[in-house]
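K.L.:
attaching a predicted model along with its sequence, questions to come.
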Amino acid sequence: MITRERNQGPNQGPNRGPNRGRNQGPTTARAASRTARRQLNLATRHQLAASGIPEGTITSRTRPGGPWQRLLPRVYLLQTGPPDHRQRALAAVLYAAEPAADPLSGDTAALTGGAALALLGIRDVPHTPADVLIRAPRRLTGTPEVRPVATARWPRTIAVSGIPSTRPVRAAADFAARSGDPARIRSTLAHVVQAGWCHPQDLHAELRAARLLTRPAVRAAAAELLAGVRSIAEALARDTLTATDLPTPLWNARLYTPDGAFLASPDAYWPDEGVALEIDSAEYHYTRDAWHATLHRRLRLESHGILVVSATPSMIRDTPAQVVQALRTLLTLTRSRPTPPTAQARGHQQLQLFPGVG
């Protein structure tokens, strides 16, 4: 928090002289402390001045070795320790917000893109420089840490860990707009949907509103999500299967027993043949409980007549022909089965996104 200078004699210290430091009384310190408490120990120069802190005091306290740190132009961390990721994110918003506005309101600046997604826990998303929305036609000079993005489509905002941010669906669209890496776009959009932060239909609508579906990489990623794909491994599997003559499966269909009990949701499922593809990553099987849960899920599927092919993401990537052959064998075997599977697929609609739509 803000550090107070010790009481000194009238001719001692940086405020010596009868007319110096008149505004640095208890009321001033309390006002600045309230601001810091609201803002993760951060404050702007405008806020400090409005609290009665003289310009000279701000300058002296942010010198090397002082109790405050300058994180960005006109944005200060009122502590000696290093900032954490939340403080760096909020500092970007404080820098971009209009000086006289409440920066926590989300009315004049809001985190978006990779920085906002990183706050939500989306893994491996590039989050620096931080993209911060500002209202067009306002202009603001960027820094190596902050990339202002002027927009005429001001979104509804939310607070994520106390930081004004766009909703996940808008953050994902803004990330796609700023990224030139098709693989990164594909992976990030899939992670946002897989984590449950937005529905594929809502994301598709946001991408269309932002006129991003004209870009082939974004349109392809949106098509996969509408088709039910929820991860980059599933997307690779879909690419592999699309290049074959195998029937088109349902992706992430929810399967139920005849009495209505939920059975499982395999990554890919062929309902007519009763064949499922399960993509099991070792990342999620480090614990004994996770491994047992996977085995129990497979037993449940097989107990209802569903034949399962299990593969890891590396198998899909490195030996796709073997995975395809295993699926082809099971799909062929099911043609002569006397008893069809008893599971029923519900709550899923196979959608097609045609080129140029949206």
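P.N.:
Nice, thanks for sending it over. Bear in mind that the values here come from a model prediction, so they are computed numbers and not experimental data. Residues are numbered from 1 along each chain as shown.

K.L.:
now stretch 137-147 - C-alpha only, CSV.
P.N.:
Only the C-alpha atoms of stretch 137-147 are listed here, as CSV (Å, rounded to 0.1, in the frame of the first residue of the first chain):
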residue,chain,number,x,y,z
PRO,A,137,-12.6,7.7,-32.7
ARG,A,138,-10.4,8.2,-29.7
ARG,A,139,-6.7,7.6,-30.3
LEU,A,140,-4.0,6.4,-27.9
THR,A,141,-0.4,5.7,-28.4
GLY,A,142,0.5,2.1,-27.7
THR,A,143,3.5,0.8,-25.7
PRO,A,144,5.4,-2.5,-25.9
GLU,A,145,3.1,-3.7,-23.1
VAL,A,146,-0.3,-2.3,-24.3
ARG,A,147,-1.9,-2.3,-27.7
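
K.L.:
now that stretch: buried residues?
P.N.:
By neighbour count, and taking 16 or more other CB atoms under 10 Å as the criterion, the buried residues in stretch 137-147 are Leu140, Glu145, Val146, Arg147. C-beta here means a position set from N, CA and C on the backbone, and glycine is covered the same way.

K.L.:
quick one: terminal-to-terminal distance for stretch 164-173?
P.N.:
Start to finish, the residues bounding stretch 164-173 are 17 Å apart (CA to CA, to the nearest Å).

K.L.:
what mean pLDDT would you report for that stretch?
P.N.:
pLDDT averaged over stretch 164-173 equals 96, rounded to a whole number.

K.L.:
in it, which residues are buried?
P.N.:
Of the residues in stretch 164-173, those buried by neighbour count under the rule 16+ other CB under 10 Å are Pro164, Ser165, Thr166, Arg167, Pro168, Val169, Arg170, Ala171, Ala172, Ala173.

K.L.:
quick one: which two of the buried residues of stretch 137-147 are the most distant?
P.N.:
Leu140 and Glu145 (13.1 Å; CB to CB).

K.L.:
check what pLDDT the residue nearest to Pro313 when sequence neighbours are not counted gets.
P.N.:
Counting by CB to CB, 6 or more residues apart in numbering, Pro313 lies nearest to Ala233, which is 3.8 Å off, once chain neighbours are set aside. Per-residue pLDDT puts Ala233 at 82.

K.L.:
centre of the chain to the helix or strand where Ala233 lies, how far?
P.N.:
According to DSSP states H and E, Ala233 maps onto helix 232-242. In terms of CA atoms, centre = their mean, to the nearest Å, the centre of helix 232-242 is set 22 Å apart from its chain centre.

K.L.:
for that helix, name the packing helices and strands.
P.N.:
Judged by 3 or more CB pairs under 8 Å, 6 or more residues apart in numbering; DSSP states H and E, helix 232-242 is in contact with helix 182-194, helix 216-226, strand 268-270, strand 275-279, helix 313-318, helix 320-333.

K.L.:
so which of those is nearest Ala118?
P.N.:
Closest of those to Ala118 is helix 182-194, at 10.4 Å (criterion: CB to CB).

K.L.:
and the helices in the chain?
P.N.:
26-38, 45-50, 55-61, 85-96, 113-119, 168-178, 182-194, 200-209, 216-226, 232-242, 288-303, 313-318, 320-333 (DSSP state H).

K.L.:
which of those helices sits closest to Pro258?
P.N.:
When those are compared for distance to Pro258 using CB to CB, the nearest one is helix 288-303, at 12.6 Å.

K.L.:
distance of the closest residue in space to Met315 that isn't next to it in sequence relative to Glu273?
P.N.:
With sequence-adjacent residues excluded and distances taken as CB to CB, 6+ apart, Met315 is closest to Val323, at 5.8 Å. Per CB to CB, to the nearest Å, Val323 is found 16 Å from Glu273.

K.L.:
what mean pLDDT does stretch 306-326 get?
P.N.:
Averaged across stretch 306-326, pLDDT comes to 93.

K.L.:
oh sorry, the question was meant for stretch 257-275
P.N.:
Computed over stretch 257-275, the mean pLDDT rounds to 89.

K.L.:
now do it: distance to the chain's middle.
P.N.:
Counting by CA atoms, centre = their mean, stretch 257-275 comes out at 30 Å from the chain centroid.

K.L.:
likewise for stretch 209-218?
P.N.:
Per CA atoms, centre = their mean, the centroid offset for stretch 209-218 relative to its chain is 19 Å.

K.L.:
what mean pLDDT does it get?
P.N.:
If you average the pLDDT over stretch 209-218, you get 96.

K.L.:
now do it: distance from first to last residue.
P.N.:
13 Å.

K.L.:
tell me the buried residues in that stretch?
P.N.:
Under the neighbour-count criterion of 16+ other CB under 10 Å, stretch 209-218 has Ala210, Leu212, Leu213, Arg215, Ala217, Val218 buried.

K.L.:
how is this protein divided into domains?
P.N.:
Listed by automatic domain parsing, the domain ranges of the chain are 26-83, 86-226, 245-346.

K.L.:
Ser105 reaches Glu98, doesn't it?
P.N.:
No - between Ser105 and Glu98 no contact is recorded; they are 10.2 Å apart, counting by CB atoms under 8 Å.

K.L.:
low-confidence ranges, the protein, go.
P.N.:
Flagging of the chain using pLDDT under 70 yields the residue ranges 1-27, 282-288, 338-340, 346-358.

K.L.:
middle-most residue in it, spatially?
P.N.:
If you average the C-alpha coordinates of the chain and look for the closest C-alpha using CA atoms, centre = their mean, you land on Leu117, 2.1 Å from that point.
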